[in-house]
Each structure stands twice: as C-alpha cells, then as structure tokens.
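1. sequence and predicted structure, then a few things I'm wondering about:
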Amino acid sequence: MDTAEEQKNILGLQLPTDPRWVDLATISLEAILTDHAWCEQKAATSCISLIQRYSAKERLVMELSPIVTEEWGHFRLVLAELNKRGLKLGPQRKDIYVNRLLEFQEKGGNPDQRFLDKLLIFALIEARSCERFKRLSEGLQDPYLRNFYRRFMESEAGHYHLFIELAEHYIDKPTVRQRWKEWLDFEFQLMASTEVRGDRIH
C-alpha cells in the first residue's frame with residue numbers, strides 16, 4: 001500500500017499534502033515552528049472552550065481535560081525547541097485553513113448538529129495535523145526533528161480518534177458517519193484550492 005493510500009485509510013483524508021510542502025517548511029523552519037506552537041496553544045484553549053460550553057456532558061469533560069494539559073505541554077515543547085535553536089516565537093497569524101472550515105460548520109438550527117460539527121471540525125484539524133507531522137517525520141533532513149515530529153504525529157492520531165468517538169457517543173453513528181463524509185469532501189476541495197505554503201502547519 002502506498003503512503004497516500006495508507007494515510008487515506010487511517011485518517012480518511014481525501015487529498016495528501018503536496019510533497020513540496022516539506023521542502024518549503026525546511027526553508028521556513030522558524031516560521032513553521034512558530035505556527036506549530038500557536039496551533040498547539042489554540043488546541044488547548046479550544047478544548048477548554050468545549051468543556052465550558054458543554055459542561056453537562058460528563059464524558060466529554062473527562063476525556064478532554066487531559067487533552068488540554070497535553071496540548072499545552074506540546075506548546076511548551078515547541079517553544080523550547082525554538083529557544084534551543086536561537087529562534088523567536090513570532091506572532092500568531094490568521095489561520096486560513098481553520099477559518100474556511102468554520103465557514104462550513106452548521107449555523108443555527110439543531111443544537112445536536114452544531115455540537116456534532118464542533119467535534120468533527122476538531123477531528124479534521126487533528127487528522128490533517130497528524131498527516132502533516134507524518135510528512136515532516138519522513139521528509140526533514142534533520143534526524144532529531146524527524147523524531148520530534150513523529151512523536152507529535154502519534155499524539156494527534158489519538159486525538160483525532162477521540163473526537164470521532166465522542167461524536168458517536170452522543171450522536172447516532174450513521175449521522176456522524178454521513179456528516180464526517182461531508183466534512184472530508186469539503187476539506188478535499190479546500191486543500192485542492194489552497195496555496196502550498198511552508199510557513200504554516202495547515
């Protein structure tokens with residue numbers, strides 16, 4: 001099984017990352033590490049927001065609480081890597097990928113549908129992050145950084161599965177699977193139409 005097909009089977013993603021992305025990321029190492037750090041920070045705060053909004057959902061609260069700690073730990077790891085290399089944490093930038101995903105989520109209407117979309121957008125972001133980290137773990141020239149990103153890849157894969165499992169815990173599985181397919185189809189179009197840039201994770 002080739003790498004693209006393997007990644008599609010594992011994560012459901014319909015379009016693998018353009019191979020040029022890793023080469024561009026290598027050129028923009030400070031930028032990609034900065035963007036990665038902010039992605040981890042946003043993942044932690046977004047999980048906190050979910051917990052606050054859906055505090056009555058006991059399993060969600062219990063499952064996401066340790067993810068908050070883990071994501072913040074990841075932020076600190078990337079920050080330490082920047083410092084070790086004498087690089088600076090740059091400013092946050094507008095996340096075009098995530099903002100486009102937010103445009104697709106359900107607005108108004110059924111609260112269960114809005115809740116489902118919140119979980120699935122998290123799953124999709126984690127899946128794409130995992131795929132990108134896999135590319136870095138295989139394509140970077142620096143052996144240390146390859147191992148560095150392999151650890152992140154393994155973590156993000158677990159997070160992706162968790163959000164899908166939470167969705168299927170609260171919403172019937174056929175509804176989750178149908179909506180997940182719609183998200184994957186949308187993300188395919190998004191990735192196909194987005195400029196390949198090496199200064200960002202997504």
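-> Sure, I can see it.

2. can you give me the end-to-end span of stretch 91-105?
-> 27 Å (Cα to Cα, to the nearest Å).

3. this structure: helices as residue ranges?
-> 3-11, 20-27, 29-53, 58-84, 96-104, 111-139, 143-170, 173-193 (DSSP state H).

4. let's have those helices in CSV, adding mean pLDDT.
-> CSV is the format used below for the helices of the chain (pLDDT from 0 to 100):
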stretch, mean pLDDT
helix 3-11, 48
helix 20-27, 90
helix 29-53, 96
helix 58-84, 97
helix 96-104, 93
helix 111-139, 94
helix 143-170, 92
helix 173-193, 95
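
5. between these, which one is nearest to Asp199?
-> With Cβ to Cβ as the criterion, Asp199 lies closest to helix 29-53 of the helices of the chain, at 3.7 Å. Where C-beta positions appear, they are placed from N, C-alpha and C, glycine not excepted.

6. return the most buried member of the helices of the chain.
-> Highest mean neighbour count of the helices of the chain: helix 111-139, a mean of 21 (counted as mean count of other Cβ atoms under 10 Å).

7. hmm, back to that, out of the helices of the chain, which gets nearest to Gly90?
-> Gly90 lies closest, by Cβ to Cβ, to one member of the helices of the chain: helix 29-53, at 4.1 Å.
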